[in-house]
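Visitor: quick check, what structure comes out for this input:
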Amino acid sequence: MASWLRATGRLAQRPVPTRVAWSTRPADNRLAALRLCRAPTGGNGWGQVRMSITTSCVGLGSVNIPSIKNEPMPSFAKGTVERQLLREALDRMKQDVVEVPVVIGGREYHTGDVIEQHVCSDHQKVLARCHQATGELVDHATEVAAAARKVWDDTPWEDRAAVYLKAAELLSKKYRYEILAATMLGQGKNVWQAEIDTAEAIDFLRFNVQFANQIYAEQPAHHSEGVWNRVNYRSLEGFVAAVSPFNFTAIGVNLATAPTVMGNAVLWKPASTAVLSNYLVFKLLQEAGLPDGVINFLPSSGPTFGDSITSSNYLTCINFTGSTNTFNFLWRQVGERLSTYIHYPRLIGECGGKNFHFVHPTAQVANVVNETLRSSFEYQGQKCSACSRIYVPKSLWPTIKDELLKGIDEIKMGQSDDFSVFMSAVIDQASFDNISGFISRAGERSSVQLLAGGGADDSVGYFVEPTLFETTDPKDELMTREIFGPVLTAYVYDDDKVDGIFEEIRTTSPYGLTGSVFAQDRAALRQAQSELKDAAGNLYLNVKSTGAVVGQQPFGGARSSGTNDKAGAPSYLLRFTSLQSVKESFLASDDWRYPHMQ
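Guide: Now for the predicted structure:
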């Protein structure tokens, strides 16, 4: 993506298409034929979509794709080539300000309504200037996407698959360091957290192809005499709205591309605080051969985007990651307008969490401490799955507390591009104020004791210290409410009250995303899995509550944490397809009457 950056900080402008012509040609040139032809047109300048379909892949079976495995991650240790290349990419990115347009059907729109993305650890530095889509533009994008879907769905599966496999290679090799740099500077991740994020994005691109291929291979096994039964996996009729968060570039990649793998077209609304990394990924997808209009890039305010998509009768799915309150609002809007849609829209949500670590008296102390420090404080506690409450037996608490305090004291904070830091700044002023508010209020309650941290400084960046509280009230707001910052609260229980603690964990929070159980007693692990089966969509045993890997631990939670559709698994892609059963008879009937009638 360095080639896109210019000394002025602006991205090279693509030719402006005003009329779009779709067509398909013989198999050896089908994908190339999906590229949009450009021709001038009059009127208001809106792109128009004209379609001519001569071939179809509806119901096409699976193909033999390359072997898929999780992306290897370099160490970035001193002296490595990877460390040097990343340092160069960071230096380049800090010198430029990227102009990010709205992109609909391949056409760029510079609306003039601009917001800036800053380096959250040095908020005087501007990384990108992002043009916001108007309601009119979002409305237009719904029509462009609905039309693009018809052709993309009819594109042969192997041609669709090739786009994402190529995108994965581009992200793995050609553009890895640019995406890493954008994620580090724009979203406040240190080098290792950004690498985890980038590798996960690559995994989504590859594994979703494998998952779709498996799905297409699922066909009826039984056929009556003279009959052939089969299933077509159709895309959803209309468009999918993808609303992605700031905290993972990979989530943006998955929310936008997973529906398109199954033949859908998408309106992608990125978070304003992650817009640069998301835009670079969008440009990468274009380079990989994704036809214009299949994904439309729509930075915009939440209300503008939400009102427009829920007002369109083409809305067929909302693919969302963000706050529970926002998801609830979108759900209500859809419900109020239900009679206006062509289909019942599918709502997929991954929302908040109040994730726990439960420590059994038989747990290994060192493992508990190490895994908790990582889960609670890496990436400043801004992972959906970060641990923010820990339940510790009285017999182990003195040792665990001392070791946690030692670890917190050793945590280094600083600029995200300093390779020696464990923590950097939280994402923005609103997050800083929210976290600081929780810390300040906690000091007013006698049931809460501050053990470490508690400091916050937004003069240069939005820095909040790793903070540890102890509470005697298991229903304190520190134990029940999502904070989304580097704040951990401990509740100490009597060793003989394990059963009661399971009840506390189950009922204290409305969420049900992730949790961890630490125990060496196998019976205790079995009991915890039974008692806590509804408390977490992802349950971890003797390991931290963060770190789900695509293809290994499908991710998602229920209750107020979302719809638990499990990104990173084949079942997730089934949410973006509408099955059609086909029965074909090779024998003609010779009478309309049944034998019993004679």
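Visitor: wait, isn't P361 in contact with W397?
Guide: No - applying C-beta atoms under 8 Å as the test, P361 and W397 come out as separate, 10.6 Å apart. Every residue, glycine included, has its C-beta placed from N, CA and C.
Visitor: all helices of the stretch 351-500 of the chain, in order?
Guide: 365-377, 397-410, 429-442, 477-480, 498-508 (DSSP state H, counting those that start in this stretch).
Visitor: a markdown table for these, including mean neighbour count?
Guide: Below are those laid out as a markdown table (neighbours: other C-beta atoms under 10 Å):
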| stretch | mean neighbour count |
| --- | --- |
| helix 365-377 | 21 |
| helix 397-410 | 16 |
| helix 429-442 | 17 |
| helix 477-480 | 21 |
| helix 498-508 | 17 |
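Visitor: for F329, find the nearest of those.
Guide: helix 429-442 (17.1 Å; C-beta to C-beta).
Visitor: hmm, who's touching that closest one?
Guide: By C-beta atoms under 8 Å, 6 or more residues apart in numbering, the residues outside helix 429-442 that reach it are 123, 382, 426, 448, 450, 454, 456, 458, 462, 464, 467, 469, 476-478, 481, 483-487.
Visitor: would you map the helices across the stretch 1-150 of the chain?
Guide: 30-33, 81-95, 135-153.
Visitor: what's the most buried one of the ones you listed?
Guide: helix 135-153 (a mean of 22; mean count of other C-beta atoms under 10 Å).
Visitor: which helices and strands sit right next to it?
Guide: Packing partners of helix 135-153 (3 or more C-beta pairs under 8 Å, 6 or more residues apart in numbering; DSSP states H and E): strand 19-22, strand 48-51, strand 102-104, strand 227-235, strand 239-243, strand 266-269, strand 295-297, helix 302-311.
Visitor: got the ones you listed as CSV, with distance to P72 and mean pLDDT columns?
Guide: Output for those, formatted as CSV (distance: least, C-beta to C-beta, whole Å; pLDDT from 0 to 100):
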stretch, distance to P72, mean pLDDT
strand 19-22, 38, 34
strand 48-51, 41, 34
strand 102-104, 32, 98
strand 227-235, 32, 97
strand 239-243, 28, 98
strand 266-269, 28, 98
strand 295-297, 27, 98
helix 302-311, 36, 98
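Visitor: rewinding a little: now tabulate the helices of the stretch 351-500 of the chain in JSON lines and tack on mean pLDDT and distance to N247.
Guide: Below are these laid out as JSON lines (pLDDT from 0 to 100; distance: least, C-beta to C-beta, whole Å):
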{"stretch": "helix 365-377", "mean pLDDT": "98", "distance to N247": "14"}
{"stretch": "helix 397-410", "mean pLDDT": "98", "distance to N247": "22"}
{"stretch": "helix 429-442", "mean pLDDT": "98", "distance to N247": "10"}
{"stretch": "helix 477-480", "mean pLDDT": "98", "distance to N247": "21"}
{"stretch": "helix 498-508", "mean pLDDT": "95", "distance to N247": "24"}
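Visitor: export these to CSV and tack on distance to R346?
Guide: Formatted as CSV, those follow (distance: least, C-beta to C-beta, whole Å):
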stretch, distance to R346
helix 365-377, 31
helix 397-410, 43
helix 429-442, 30
helix 477-480, 30
helix 498-508, 29
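Visitor: ends of stretch 418-435, what's the gap?
Guide: 24 Å (C-alpha to C-alpha, to the nearest Å).
Visitor: stretch 585-595 now?
Guide: 20 Å.
Visitor: which of the residues in that stretch are buried?
Guide: The neighbour-count check on stretch 585-595 (16 or more other C-beta atoms under 10 Å) flags nothing as buried.
Visitor: can you give me the helices in the stretch 151-300 of the chain?
Guide: Using DSSP H, counting those that start in this stretch, helices in the stretch 151-300 of the chain cover 157-169, 176-187, 191-217, 249-261, 275-287.
Visitor: angle of the second one against helix 81-95?
Guide: Using axes from the mean of the first three to the mean of the last three C-alpha atoms, to 10 degrees, the interaxial angle of helix 176-187 with respect to helix 81-95 works out to 50 degrees.
Visitor: now swap in the fourth one and tell me
Guide: Between helix 249-261 and helix 81-95, the angle formed by their directions is 90 degrees, by the same axes, to 10 degrees.
Visitor: again with the longest one
Guide: Compare the direction of helix 191-217 with that of helix 81-95 by the same axes, to 10 degrees and you get 100 degrees.
Visitor: where does this protein dip in pLDDT?
Guide: 1-61 (pLDDT under 70).
Visitor: got the contact list for the residue nearest the centre of the chain?
Guide: In the chain, the residue lying closest to the centroid (C-alpha atoms, centre = their mean) is I251, at 1.8 Å. Going by C-beta under 8 Å, 6+ apart, I251 touches S244, P245, T321, E350, A567.
Visitor: which of these lies closest to S376?
Guide: P245 (19.2 Å).
Visitor: so who does that closest one touch?
Guide: By C-beta under 8 Å, 6+ apart, the neighbours of P245 are I251, G252, A271, A274, T321, G322.
Visitor: touching, the second one and V275? I think so.
Guide: No - using C-beta under 8 Å, G252 makes no contact with V275, being 9.6 Å away.
Visitor: and P510, what does it touch?
Guide: With C-beta under 8 Å, 6+ apart, P510 has these contacts: K354, R559, S560.
Visitor: please report phi then psi for it.
Guide: Backbone torsions of P510, given as degrees, to the nearest 10, read phi -80, psi -10.
Visitor: just use 17 as the starting number from now, easier for me
Guide: Taking 17 as the first residue, the last one we looked at is P526.
Visitor: if I look at it, how far off is M89?
Guide: Here P526 is placed at a distance of 35 Å from M89 (C-beta to C-beta, to the nearest Å).
Visitor: for the residue nearest to L603 when sequence neighbours are not counted, what are its contacts?
Guide: Take L603 and drop its neighbours on the chain: the residue closest to it by C-beta to C-beta, 6 or more residues apart in numbering is G242, 3.9 Å away. For G242, the contact set (C-beta under 8 Å, 6+ apart) comprises S601, F602, L603.
Visitor: now, those residues that are in strands?
Guide: S601 (DSSP state E).
Visitor: ok, the closest residue to R99 other than its chain neighbours to S436 distance?
Guide: Leaving aside its sequence neighbours, R99 sits nearest to F92 (C-beta to C-beta, 6+ apart; 4.7 Å). Per C-beta to C-beta, F92 is found 11 Å from S436.
Visitor: what sits against the spatially closest residue to the residue nearest to the centre of the chain that is not a sequence neighbour?
Guide: Once flanking residues are discounted, I267 sits nearest to T337: 5.2 Å by C-beta to C-beta, 6+ apart. Contacts for T337 (C-beta under 8 Å, 6+ apart) come out as V259, S260, P261, I267, L271, G365, E366, C367, C400.
Visitor: show me what T337 is bridged to.
Guide: E366 (DSSP bridges).
Visitor: contacts only, for the nearest residue to V269 once chain neighbours are set aside.
Guide: Counting by C-beta to C-beta, 6+ apart, V269 lies nearest to A217, which is 4.3 Å off, once chain neighbours are set aside. Counting by C-beta under 8 Å, 6+ apart, A217 touches L187, I195, T265, A266, V269, N270, V297.
Visitor: which of the residues you listed lies closest to R250?
Guide: Out of these, the member with the shortest distance to R250 (by C-beta to C-beta) is N270, at 21.1 Å.
Visitor: sorry, back to before: F92 and S436: which has the busier surroundings?
Guide: Ranked by neighbour count (other C-beta atoms under 10 Å), F92 and S436 place F92 first, with 20 against 8.
Visitor: how near is R250 to V598?
Guide: 11 Å.
Visitor: ditto for N270
Guide: From N270 to V598 the distance is 30 Å (C-beta to C-beta).
Visitor: neighbour-wise, which of the two wins?
Guide: Counted by other C-beta under 10 Å, N270 and V598 do not tie: N270 has more neighbours, with 29 against 12.
Visitor: show me what contacts that one?
Guide: Shown in contact with N270 (C-beta under 8 Å, 6+ apart): A217, F220, N224, A583, G584.
Visitor: hmm, the third one is touching A274, no?
Guide: Yes - N224 is in contact with A274 according to C-beta under 8 Å; the separation is 5.4 Å.
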